[in-house]
Each structure stands twice: as structure tokens, then as C-alpha cells.
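Chemist: can you look at this prediction? I've put the sequence above it.
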Amino acid sequence: MSLPSLTRRAAQRAPAPRAGRPRRRAPLGAAFVLALAAQTAQAAEPATPPCPAASDLAGAGITLTRDAPQMAMAYRFEDGALTSYRADDSATGLPPKRETYAHPLAVTLQEMSGRRFELRYDADPQSLASLPETGEWQSKVTLVIVGETERNGTVTYRYLGTGEVHIGACSYPAWQVVERIDMGKLQSAFLKEYAPDPGLVLRVTRLDPETGTPQSQVAFDAIAARKKKN
């Protein structure tokens with residue numbers, strides 16, 4: 001029997017290929033290696049830390065930093081009161097500052113260069129927590145410098161609505177609040193953007209007391225939870 005006849009018989013015995021079912025190809029070695037390498041690289045990337053929240057402020061605290069000019073503010077609770085420490089670039093000539101708050105919107109004590117500046121409110125600033133419902137909060141206030149009464153006047157907080165503050169990769173819903181202090185010739189106005197979570201004023205814009213025109217702003221480039229010391 002010749003070789004061609006054997007070939008014909010083998011072809012007759014072999015089952016015909018089924019239509020509509022294309023053959024599957026094994027994955028190419030190079031493609032498989034590249035996919036595995038990509039997965040490994042993703043697993044090796046450090047996880048982005050979560051955006052700080054109120055729980056971090058209640059713990060070790062939260063730090064806000066600005067790149068230019070350099071400035072850092074560290075917040076934490078001390079003896080139950082929210083407290084901040086501010087340090088500016090030495091080139092600015094500004095001394096370190098410590099502040100205490102009755103509410104994150106309302107400073108009660110400022111300490112710098114060995115001097116104490118107090119704001120004593122007749123009304124309880126804790127009621128600022130309901131500002132979105134009341135729309136406005138007002139109180140008589142006294143400025144006390146190194147234990148001596150310097151001026152008397154009024155402070156008003158007016159709720160404008162809500163906005164959003166972006167710091168690095170973090171974004172926070174924030175109240176838009178205008179603070180006005182009137183002590184005769186001593187007047188000030190600020191737009192404070194307060195985020196109930198984490199419980200901090202995250203951006204402050206100084207306004208012209210007469211026209212409300214923005215004059216300067218303190219904003220931040222990064223926010224991070226502070227780590228507890230071992």
C-alpha cells in the first residue's frame with residue numbers, strides 16, 4: 001500500500017472539525033509576564049493614607065502645611081479644648097503662635113512672644129454648632145491683653161452656605177462663615193471655611209471690613225493625621 005493511500009484512509013477516519021468553535025490559543029508568554037509584572041507593581045505601591053477625620057483630631061491631632069511661604073499648623077485637644085500651634089518660615093519674622101478655641105470658629109486665647117491676648121464672649125460660642133439653622137450668631141466680646149481690658153465690642157458670625165475645600169488629594173464639605181469683630185476703630189472681617197469633619201477651619205480669607213473685598217488668604221497644600229509618640 002502506497003503512502004498516499006494510507007494518508008487518504010487516515011483522513012477518512014479522522015472526525016471532521018466542528019463548525020463555529022474556533023480553537024483557543026494559549027496566552028502568549030510575554031503578555032502573561034507583563035500582566036504579572038503590572039499586578040506586582042501595583043501591589044508594591046504604598047497605600048495612600050486616608051484623609052484625616054474628626055477621629056484623628058480627637059486622637060493625636062492633625063497637621064496642616066503650606067509650601068510657600070512655608071507654614072505649619074498643628075491641631076490637637078489639650079485639657080478638652082481645641083488648641084493650635086503655628087510656625088512660619090523664619091524669613092517672615094513671625095513668631096510661633098499658640099491659640100485656644102471655644103469652638104473651631106471662635107478663638108478665645110492667643111499666645112505669642114510671651115504675651116496673652118484673650119477674647120471673652122458674653123454668649124457661649126458652643127452654640128455656633130447650630131449656625132446653619134440660626135443663620136447668624138452674635139455676642140458682646142471683650143479684648144483682654146496681658147490681663148488688662150483693652151477694648152469692648154461685638155462679634156458676629158454669619159452663615160453664607162456650604163462649599164468645598166480641597167487640600168492635596170483630600171476634599172471636605174465646609175461651611176462658609178463670615179466673622180466680623182467691631183471694637184470701635186479696631187475692626188476685622190474674615191471668611192472662614194469650616195469643615196465639621198474633621199472639625200477645623202481649613203481656609204481663611206481676610207476681608208476689607210468696609211467693602212468685604214478679599215485682601216489675603218491662608219490656604220494649605222497638605223493635611224495629615226499626626227502620629228502618636230511611642
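Modeler: Structure received.

Chemist: beyond the helix or strand hosting T149, next helix or strand please.
Modeler: Counting by DSSP states H and E, the element that carries T149 is strand 148-167. Downstream of strand 148-167, the first helix or strand assigned by DSSP H and E is strand 170-183.

Chemist: contact partners of that following strand?
Modeler: The contact list for strand 170-183, computed with CB atoms under 8 Å, 6 or more residues apart in numbering, reads 51-52, 105, 131-132, 141, 143, 151-165, 187-198, 202-203, 207, 209, 212, 223. Any C-beta I mention is one placed from the backbone N, CA and C, and that applies to glycine too.

Chemist: packing partners of the helix or strand following that strand?
Modeler: Sequence order places strand 186-195 as the next helix or strand after strand 170-183, per DSSP H and E. Secondary-structure packing of strand 186-195 (3 or more CB pairs under 8 Å, 6 or more residues apart in numbering; DSSP states H and E): strand 148-167, strand 170-183, strand 200-207.

Chemist: what pairs with the first one, and is each one parallel or antiparallel?
Modeler: Spelled out, it's strand 148-167. Applying DSSP bridges to the sheet, strand 148-167 is found paired with strand 136-145 (antiparallel), strand 170-183 (antiparallel).

Chemist: same check on the last one?
Modeler: Here the strand partners of strand 200-207, with direction, are listed using DSSP bridges: strand 186-195 (antiparallel), strand 214-218 (antiparallel).

Chemist: let me have those strands in CSV, adding distance to E111 and mean pLDDT as columns.
Modeler: Below are the strands paired with strand 200-207 laid out as CSV (distance: least, CB to CB, whole Å; pLDDT from 0 to 100):
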stretch, distance to E111, mean pLDDT
strand 186-195, 19, 97
strand 214-218, 19, 96
